[in-house]
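Engineer: Fold the following.
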Amino acid sequence: MRFFSVSLALFVSLFIFSSCVKKDQIFEFDNSDPYAVDIETKWVVVTDPYAVCRTDAGYEFSVTGHFRKGDIRRIEGEKSTKISSGKKEVWYCIEEGWISSNAVKVYSNKLKAMSAVKEMNLK
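Structural biologist: Presented below is the predicted three-dimensional model:
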């Protein structure tokens, strides 16, 4: 029993003190974009090879910008519209205009969006 107690005490001591060892890893925080980790700001990643944004939410409005797969933009607003089949379609307002939810995927922060783009293996 005494051997068990001594062994347990030694194991616990090693466990506790091993976490106190100085690590050489340095983390740098990039604060150039304050919205990057904001929990209320969502981001879109363009998933279509080619996508456009428009002056308002709907295909009948004029084009204001073009995007390629892997482009990341911050969502500034959201709107649902009815399309010809009677179904609803979500549009996201970004800096350049409105982009359809069919062309993008939404992420909860910019870091997740950037990781998703890396996984796309774009050249």
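Engineer: I'd like to know the phi and psi angles of Ile94, please.
Structural biologist: Backbone geometry at Ile94, expressed as degrees, to the nearest 10, gives phi -120, psi 180.
Engineer: Also Asp71?
Structural biologist: Geometry field for Asp71 lists phi and psi as phi -70, psi 140, criterion degrees, to the nearest 10.
Engineer: Check the one 10 residues further on too.
Structural biologist: Reported as degrees, to the nearest 10, the phi and psi values for Thr81 are phi -130, psi 160.
Engineer: and what of Ser115?
Structural biologist: When quoted as degrees, to the nearest 10, the phi and psi of Ser115 stand at phi -60, psi -40.
Engineer: okay, now it: neighbour count?
Structural biologist: If you count neighbours by other CB atoms under 10 Å, Ser115 ends up with 12. C-beta here means a position set from N, CA and C on the backbone, and glycine is covered the same way.
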